[in-house]
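Student: coords below, sequence missing:
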């Protein structure tokens, strides 16, 4: 495989969760980690063996530095972490089981990252030696400054000939600084080569609502998006069936302008931690596309990586390339490795 | 919904259990909580949004006061907690999985509660502004004094026009102070409006053993009990199928003198904590009956509450009304709430 | 003793701290508690046996409700807790030892409490049956709204004949919403009966900088403040000698307009948790003044309570009246109680 | 049942594993236990009610003595534990789930046990009052000295008329001191009465590779081994289906020279700890053979014991005879025992 | 040293304590251990290298068996543990610091041990091969049955020529079954060779209250007791100065009928766990008397052992002979041993 | 200050220790960290704000990679970590208190690092852009290969004009591969600019045993060493007084060929973790020498850094430059920083 270098950009939050299946009503200590959609992709890629750097901003205190240390521990290059502002973004996670939903409470208003400004980052320097830039729809939703940085990053990446991927799964309740995703996202997506989105996301963000036979809806919507944004070459999605909070199944799909491909379904029967599974899919996809000359192989790799993440605690998919390939090739047995 | 006020009465024990699936043979620390059938009902009702007070007795020391603090933390009004005696009732819980049973060891002989005396409680004062009194068959089994208090409470509630419910699931090995449930229970049940009991309980306690077609047995027994105790208007039960220690299924049923109603079965595939699920059913029932004008809706609410409790650690069903309604209306997916 | 009822008002923060002496750089879980200057006073009073209610505002989510549950667990009446806003105030605590300082990072900007508004609280209702109102200089420093609520509370308490005490130890770096403590505090202090302040606080806030013989400075400053604010009858302070982060000594002092009294020094040689020791002093003082007809006894009680808090984990002084009296009467041996 | 006395011999390793499903990449503390194939059999037998002593060698320091204390805690007679050497054998266990494999890393080269010498053990004294000696194929794979001790033990047991059983499941990557299992094992197995081995083990170790109809393969191989080693009377095996790391099923089988018997399959749907399940099978078998006059009963007992171990944390099958009999008789419900 | 064998007899309680310096008011888990004055002596002796067996009685359930496993883990011979009865004796320990006292709450009424009967123990068999029997004044205080067993044990030991020692530090609030220590103890003490008691104990139990010069009081009282009980040859005591809960100092003293000897004072400046330090003194004494031909050496050994126990968590003095000798010889530096 | 870049070389071990003051005899989980004399220096320097890279070798498995992650988390550049071999070096630490010594057990024979070979490291590449190389006397004691690497590193550093410092505190019991420190060390020390050693070290390693007035011994020995090794310009040492395992005092001293300087003594009255304090001194020294033009300032900085380390858990001195400067300037109060 090409040993690529990937850059990601976005907020990293302190993650605080009661141990096991405990609820906040009964917790006296919280497990501490850090995570965020884009950094999760970078860390997961690092575990697969790639070089990855994450660009973000933390408060300049013991909390912010501990967040950087977490990224370093999980193999990231943190040379481009900025310090300033006062609040650390946070999310509280109460883990559910069976019929009881997991519950997430965000506290990210006014965070160090939300106050980021375009001039703080020299993207030309950041992208030196990079092969890929990945962003998500969360970042432009956070603040005017975060949007400006993101737009600048995409523009610079395009100029420098670096691949751009985006995970644009819609989170409409995040947009509260005055702009809407419909106003902002199309221009950003236009600068992307690879997009992760569902039919519903495409409908909501681009107003593309196709009417077609059941199985064809995704590919029609994807093609319509590609017609609007000609740089976009492939659109990936995963279908998740939520049997319960403890049992999901995952299937990958892609429309690459020519073919609509779907993987087999992977059945995750005993979920350990559901958070970050979408990011694991994105990381698997980037890794797969850089490693295989074949969209279907890449998609299978991404789907297997996603399934494995459900069994790993925390936001990060701490599995190796070998682990993913083994599952991708059909070994679902989870036999002890000695 | 009517914002009701519920009073419960019974022993609260210290609950000590090794973490996770560990056994006492290997434990070096124990998780500490407090619980008891009736207080569990009260705390679960409080999480659903009702006012609830629990009447009990603890030793007058740091252990007894910590028990009160636990009830307060879980929203109870503890104005009527009494202090005296020397021993805190206790139960040890070793959590099982799959074919391995959970194991419970009780130590409640001679507890502060067992030494309660009738004259210690002014039920008229306790029941001021109350709408409902709930008790279980455990309380009269503990001691002569506990029985006397319980009888007095029922009598007072009847006089004051307060609804009375009882969960009389038979625990015959508890009765060791000289009386039997057959001697004692019928008179107590006669003062109740709502009863929770299985056909076997009715057979064992009242000597009513009906012979009828399979599905009709419960309703025949229930009707026979209602014939004996005309105040009783409705008899509820839940059918539990124990596939394994990790997997149970639950179905609610009721005979209200006119109709025999059964809910759909809820399949709990990954049990977190089995203890207190019957109390969650009782709490759901009280809440449901106070909220809906419909026995079937109340039963569905109770069954959903019961299913959810299997996924909550400890004795208390720390779920909200919204959680229960969501499941009751058929959303079994446990999707993340953000 | 008169069984009094005390009302406190102020922000309660989530307290997150690495276990033991660990640093954030190495922590993977955090101990969770809640605390704030005024609520700490109320909870400490409750452990001494008084009734206490705290008025504050939390976000209306699982975090805010858990904060309320913490106050309930530690015996407070939480009838007057308000819900709304989005952020929970927070503080991070890294515990030091010997020459290494403890470090506290606050995150309270834009918290639910900071957004409180005057009209949200009906102080007449809150103060029904109350004997005492206590506030601190932190509250008016937080926001315009918090200041307005505090001013209204003092005014109402004065009208209703309720004793008012204030701990005005200066925290000048808190004042960042446009007003200064010099502008705001004098008027608020004018409504107080009892004040806790050092000579430096009086100098900084009121511009009263006395020049006098070493020992007389405090009493001169205190008298000058009392001249400006005739309602104030007594000014208390404690002298803390910080030998190291593990070893402090404490001495109480008071100027009551007639006499300047000082207690013996209590030497705390093995500090467990330094946070909340000032609040323990304030609580001890309120309790002492309500219990004894003697300023010196009250001061001794406060000083002993303060010393004991250094050995209790968390913000709250979870000691009983008996514990304090025992130390106050000179038993410093800490012998096992069986 | 005959209250027998069993002797086992082999290395005991320190077991270090991150809590729950955590990975080493994120662990800051490790759960500590001790285990090893043969000692696990002995400890499991002790929980079933037998007397058991384990012979092994530990470094003469606080670590080695703690290992002995672990064996004592789990009921073993440790009179024959030797001290010397410098390294404690170790294994690191990262627990998997669903498609993610558990991972084991061994560090046993040059351990105190690997340096054991034949003359260190007086087997005549060890076997006084013993009824059974059990060893596994791991021991002769460790070192020349371990092999010599094992050979001496078997010879002595044969001379003293003590039953000998061996679990010879092949671990070919262990053999790295210059000998192969093909050279060494046949002579050792020749001294055994009871053997646990699969068809593959027999093929690999003895070069016996039978070609027969699917179901007949095991019995043909077993008979061929018995033809070579006439002392061996019965060969047992279990068939494990690894649906995932969280879900296995187990079926016992035996060829006793006359009949090929298979138990029903036990389905372990929520695995807690997979390690030591083979040792639990062996222990169940020894207990069963000593308790029942019937190979099929013994096999059912072993299979039930094995299934239960999957739900117990650590290497040791801490279940009682009653627990096993209950499952063996078909009660798979795992109902709470009060 | 003579490798002696010591027998002890008495209740072993479950010990439950909040971690660190936490209070029950804030605890959600408790550290679990087992201890009791006499068993503590036996376990401490085992760590010093002696053989020791403890005789006691536990409930016949998972709790009682875990207690036995604790004794085995800490090297005791548990062949003489009896099973029966229903309650496990318990004590709750809240650890204090500086001026805050540790607090102990006992729950031992009606325990399995309290219901022990004289005929349950065959002391002749127990004392086979034994060199020493040790008991304390706690045992006869528990129940009529415990007293009878204790008296029988002393009588048998006397008959068999086994040394008898007793720690008779007075616990008068334990005596609540109808007898007093003044009635019971003198006859028991008459069968002892070695006694541990303070002047106050002797005064209280025997009514011997000497008036003498300060330093002479202990020896006068001791001699008076020896006059009453001629079998008693030596009386040991330790003087504890309780500077605070975190800082004690210890000095050993003995009257052996001829000389009054006192050790230097050992200053324990940072107490880890105060419980069991008296038992460590007794164990050190037995070990010292068996090892040295010199009362003063024995006393120095006991005092050093006692000082070390203050730094060990739990009831048991888990230190080696080398550790004690090192301190006894004046090395108080606690330098790292590599 | 010059923002320097420091390279260190040496073994990093897994550190396993029971929590708090627990002993291995009672531990069921161990705290996990990684450390080693030279890496501790590098990590401590990184916390002070310098760039630092560590050169070492780990097994190529999940354990070895976790060790690297630990170094990354604590800010090191791990580009030069090698993978290979099979065993991870280890040390077990049982923390003492007061008179009870901490105890360390090493297991490093045959570790991945011990098997390092000279040709594995390209020191020219490693030292690119470096300003300083630091090694200790532990490394050449480990194996022939480690010695060869160390010698090569010193030679290359000398050639490239990079400062070399060595901490040669004698650990004679480490040397067990056939060479002695007397044979090996002098040549290595000859390539150093700065040496940390006591008079005893110099005597033992170089056979220089000066007889002089008490205070002059260190400087005479130091000068004698400098006479033998003219490249060495300054010799530093610290005097530790071990009052107890909980209380040490530290004083720095230096002979720089012209003057003998000593700092004030810092009294560490409540030790949290004694391990790594010597490494903290070395790191402080390197930082001080690079930051100040004054040996005495550098020495004061080193001594303050060393004192602070005693209050930090683990091997690494996780304190900032500001923390050290504050103490170095005389602020010993450890007041809370808010």
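Tutor: Nice, thanks for sending it over. Every value quoted in this text rests on a predicted model; they were computed, and no experiment measured them.

Student: how about the nearest residue to residue A:276 once chain neighbours are set aside, phi and psi?
Tutor: Closest residue to residue A:276 apart from its sequence neighbours, by C-beta to C-beta, 6 or more residues apart in numbering or on different chains: residue A:315 at 3.9 Å. The C-beta positions use only the backbone N, C-alpha and C, and glycine is treated the same way. Backbone torsions of residue A:315, given as degrees, to the nearest 10, read phi -80, psi -20.

Student: same question for residue A:174.
Tutor: Torsion angles, degrees, to the nearest 10, at residue A:174: phi -80, psi -30.

Student: residue contacts, it?
Tutor: A:138, A:141-142 (C-beta atoms under 8 Å, 6 or more residues apart in numbering or on different chains).

Student: what's the spacing between it and chain F?
Tutor: Separation of residue A:174 from chain F (C-beta to the nearest C-beta, to the nearest Å): 30 Å.

Student: likewise residue A:320?
Tutor: 9 Å.

Student: please apply the same query to residue A:48.
Tutor: From residue A:48 to chain F the distance is 13 Å (C-beta to the nearest C-beta).

Student: may I ask which of the contacts of residue A:174 has the most neighbours?
Tutor: Using other C-beta atoms under 10 Å in any protein chain shown as the neighbour criterion, residue A:142 leads the contacts of residue A:174 with 25 neighbours.

Student: contacts only, for it.
Tutor: A:11, A:108, A:113-114, A:174, A:177.

Student: what do you get for residue A:199?
Tutor: A:210, A:217-218, A:221-222, A:237.

Student: what does residue A:24 give?
Tutor: A:18, A:92, A:94, C:62-63, C:65-66.

Student: enumerate the residues of the stretch 101-250 of chain A near chain C.
Tutor: A:103, A:105, A:107, A:109-110 (C-beta under 8 Å from any C-beta of the partner chain).

Student: which ones among the contacts of residue A:24 lie within helices?
Tutor: Per DSSP state H, helices hold the following members of the contacts of residue A:24: C:62-63, C:65-66.

Student: next one: stretch A:236-252 to chain centre, how far?
Tutor: Put simply, stretch A:236-252 sits 16 Å off its chain's centre (C-alpha atoms, centre = their mean, to the nearest Å).

Student: give the buried residues for that stretch.
Tutor: A:236-238, A:240, A:242-248, A:250-252 (16 or more other C-beta atoms under 10 Å in any protein chain shown).

Student: could you check whether it is close to chain D?
Tutor: No. Stretch A:236-252 is not in contact with chain D by C-beta under 8 Å from any C-beta; minimum separation 9.8 Å.

Student: so that stretch, near chain B or not?
Tutor: Yes. Residues of stretch A:236-252 contacting chain B under C-beta under 8 Å from any C-beta: A:242-247.

Student: could these go into a markdown table alongside secondary structure?
Tutor: Below are the residues of stretch A:236-252 next to chain B laid out as a markdown table (DSSP: H, G, I helix; E, B strand; the rest coil):
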| residue | secondary structure |
| --- | --- |
| A:242 | strand |
| A:243 | strand |
| A:244 | strand |
| A:245 | coil |
| A:246 | coil |
| A:247 | strand |
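
Student: for the residue of the stretch 201-338 of chain A found nearest chain B, what are its contacts?
Tutor: Here the stretch 201-338 of chain A gets closest to chain B at one residue, residue A:245, 2.9 Å apart by C-beta to the nearest C-beta. For residue A:245, the contact set (C-beta under 8 Å, 6+ apart) comprises A:96-102, A:271, A:274, B:311, B:333-336.

Student: not counting sequence-adjacent ones, nearest residue to it?
Tutor: In space, residue A:245 is closest to residue B:334, 2.9 Å off (C-beta to C-beta, 6+ apart).

Student: what number of residues lie near that neighbour?
Tutor: With other C-beta under 10 Å as criterion, residue B:334 counts 26.

Student: same question for residue A:267.
Tutor: Residues near residue A:267, counting by other C-beta under 10 Å: 16.

Student: show me what contacts it?
Tutor: Contacts of residue A:267 by C-beta under 8 Å, 6+ apart are A:247, A:249.

Student: go again using 10 Å as the cut-off
Tutor: Contact partners of residue A:267, counting by C-beta atoms under 10 Å, 6 or more residues apart in numbering or on different chains, are A:241, A:243, A:247-250, A:307, A:332, D:98-99, D:244.

Student: for chain A, which helix is longest?
Tutor: helix A:144-160.

Student: packing partners for that helix?
Tutor: In terms of contacts (3 or more C-beta pairs under 10 Å, 6 or more residues apart in numbering or on different chains; DSSP states H and E), helix A:144-160 is packed against strand A:5-9, strand A:51-58, helix A:123-126, strand A:132-136, helix A:139-142, strand A:163-167, helix A:181-189.
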